[in-house]
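A.B. asks: Predicted model, plus sequence, below.
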Amino acid sequence: MSGTAGSLLPREFFDGPAPEIAPALLGCVLTHDSPDGTVAAMITEVEAYAGRGDPASHAYRGQTPRNAVMFGPPGHLYVYFTYGMHFCANLVCGSVSAVLLRAGRITEGASLAAARRWPQPAAGAGGRGHPERDLARGPARLCQALSIGRALDGADAVDPRSPLRVSAGSTYPGPAGPVRSGPRVGISQAVDVPWRFWLDGDDSVSPYRTFTPRRGRVKPVTGPGPGSGTMPG
């Protein structure tokens, strides 16, 4: 699996439901030309979200300023911020659906990707003590390695003038190897729908974890007030 980028994917490639498009994206190449250099990754893991009919989709409850790109033309990048610290990137498909880019194998600019992921003096492409497979192993890591942030929300990934583009891989129009599917990660609804797709045996694929609800902070309990039962003044 070389992961060499070919011609840009046509917009028609994305003009269909995400569950059908998602596995075909495996082996395609995502490239970002940023001011500090170019990093490219072969896509090895994705998840499909089917828009208004999918309770796990950001579009399920309708259009908002956050998800507006999903309601536009296919082939654009939808970037969102999560947990107050991470960006995640999706490619918009037809019918207000989208494909979350979950993992990739860096095929160009590995040293720059490592410097972004581990901003310390690095030994080798993966950084000191970090295997290269971890450069873009997970949706937040992929965005960090390729420097994908809010400024790229809405970028046209099929426009040759765009700084971020998605291209056919060396095996297009089919995926680069056997594809497996299973439940999506980190969601609390439609948890059993098998719309996560990955290249079987590729070590850049992220480990599967079931959804665990975030624990709320325990609020301090005030002791009883004197006499009347009201809070003390």
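C.D. replies: Received, thanks.
A.B. asks: Show me what the residue nearest the centre of the chain is bridged to.
C.D. replies: Centrality entry for the chain: nearest residue to the mean C-alpha point is residue 101, 3.3 Å, by C-alpha atoms, centre = their mean. Residue 101 has these beta-bridge partners by DSSP bridges: residue 46.
A.B. asks: who's in contact with it?
C.D. replies: Residue 101 makes contact with 30, 43, 46, 88, 89, 90, 91, 139, 142 under the criterion C-beta atoms under 8 Å, 6 or more residues apart in numbering. All C-beta atoms are positioned from the backbone trio N, CA, C, and that covers glycine.
A.B. asks: Can you classify the fourth one by secondary structure?
C.D. replies: Pointing back at residue 88 there. Residue 88 falls in the strand class when you classify it by DSSP: H, G, I helix; E, B strand; the rest coil.
A.B. asks: any idea how far it is from residue 46?
C.D. replies: Distance, residue 88 to residue 46, by C-beta to C-beta, to the nearest Å: 12 Å.
A.B. asks: quick one: which of the two has more around it?
C.D. replies: Neighbour count, other C-beta atoms under 10 Å: between residue 88 and residue 46, residue 46 has more, with 28 against 20.
A.B. asks: residues in contact with the more buried one?
C.D. replies: So residue 46 contacts 22, 23, 25, 26, 99, 100, 101, 102, 196, 197, 198 (C-beta under 8 Å, 6+ apart).
A.B. asks: now residue 137
C.D. replies: By C-beta under 8 Å, 6+ apart, the contact list for residue 137 reads 103, 204, 205, 206.
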